[in-house]
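In: Curious how this folds, go ahead:
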Amino acid sequence: TWIWQPSFVVDNVGEVGKWNSIKIDSNDYVHISYYDNLSGDLKYTVYNGTSWSTSTIDSIGDVGRMTSINIDKNDYVHISYLDVTNQNLKYATSDGFNWTTSTIDNVGEVGWYSSFVFDKDNNIHISYYDQTNADLKYSKLEVEPWIISDITGDSGYSDMAIDSNDNIHIYYMEIGIDVLKYAFFDGLSWSFSTIYNI
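Out: As a prediction, this is how the structure comes out:
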């Protein structure tokens, strides 16, 4: 049975906690990415079982909305997020000591509602929304640079998962008409279907 612990404040400096995302590493440490609405920064906190350690990851412009956090097989932390100032998809990663940030996609107003997974080879796969063209986009990183492609033109908010065969699964909402859709990639081609149509 679950034993619920009392809630407690992780961060109360500024207007924090929006656009949060959470993952657990192999040591059961808790990692959370989130947005500071007051300063417009990407923030991150980790709980090591005893205490929380909080830091600002990116503060150049208005950055950090719509975060998605994940942990790779080496327990390194990765975060995708929206750069509102430039309307770009950005990416931050840590080797356990230092953070680096970079821009993945800067063509149009991109980077909304990103979600990402790792495959068995530790390659990164990210889905996100291109607001300029109303496209569902997909990026993959094996070696630099990122491979970027448009998946479909009737997209919106998305979430991504990967199965044991490294097939990509994305569900997404078609903006404006509330239709839930599904995209599947078998490594060679994409297929699409409608899950729910109001």
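
In: What confidence value was assigned to Ser155?
Out: Listed pLDDT for Ser155 reads 69.

In: In the chain, which residue is most central in space?
Out: Geometric centre of the chain, nearest residue: Ser68, 2.4 Å, by CA atoms, centre = their mean.

In: Could you check which helix or strand contains it?
Out: Ser68 belongs to strand 63-71 when assigned by DSSP states H and E.

In: mind listing what the residue nearest to the centre of the chain touches?
Out: The contact partners of Ser68, taken as CB atoms under 8 Å, 6 or more residues apart in numbering, are Ser21, Ser33, Ile79, Ser80, Tyr81, Ser114, Ser115, Phe116, Ile126. All C-beta spots, glycine's among them, are computed from the backbone N, C-alpha and C.

In: Neighbouring strands - and their directions - for the strand or helix carrying Ser139?
Out: Taking DSSP H and E as the definition, one finds Ser139 inside strand 135-141. Using DSSP bridges, strand 135-141 pairs in its sheet with strand 124-130 (antiparallel), strand 147-152 (antiparallel).

In: pLDDT of it, averaged?
Out: In this model, strand 135-141 has a mean pLDDT of 92.

In: contacts for it?
Out: With CB under 8 Å, 6+ apart, strand 135-141 has contacts from 89, 104-105, 110, 123-130, 146-156, 158, 168, 170, 172, 183, 185.

In: And the helices in this structure, which stretches?
Out: In the chain, no helices are defined using DSSP state H.

In: remind me which residues of it are low pLDDT?
Out: Scanning the chain for pLDDT under 70 picks out 1-6, 153-156, 198.

In: coming back round to it: what subset of the contacts of strand 135-141 is buried?
Out: Buried subset of the contacts of strand 135-141 (neighbour count, 16 or more other CB atoms under 10 Å): 89, 104-105, 110, 124-130, 146, 148, 151-152, 154-156, 158, 168, 170, 172, 183, 185.

In: Endpoints of stretch 15-34, how far apart?
Out: One end of stretch 15-34 to the other measures 11 Å (CA to CA, to the nearest Å).

In: what's next to that stretch, contact-wise?
Out: By CB under 8 Å, 6+ apart, stretch 15-34 touches 10-11, 35-38, 42-49, 57, 64-71, 75, 77, 79, 81.

In: try 6 Å
Out: Residues from elsewhere that reach stretch 15-34 (CB atoms under 6 Å, 6 or more residues apart in numbering): 35-38, 43-48, 65-71, 75, 77, 79.

In: Could you say which one of the strands paired with strand 135-141 comes nearest to Asp178?
Out: Relative to Asp178, the nearest member of these by CB to CB is strand 124-130, separated by 15.5 Å.

In: Strand 63-71 and the closest one, what's the angle between them?
Out: 150 degrees (axes from the mean of the first three to the mean of the last three CA atoms, to 10 degrees).

In: Kindly export strand 124-130 (C-alpha atoms) in CSV.
Out: The C-alpha trace of strand 124-130 is given here as CSV (Å, rounded to 0.1, in the frame of the first residue of the first chain):
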residue,chain,number,x,y,z
ILE,A,124,17.5,11.0,-28.6
HIS,A,125,14.1,11.3,-30.3
ILE,A,126,11.9,14.4,-29.8
SER,A,127,8.4,15.3,-31.0
TYR,A,128,7.2,18.9,-30.9
TYR,A,129,4.9,21.4,-32.5
ASP,A,130,5.7,23.9,-35.3
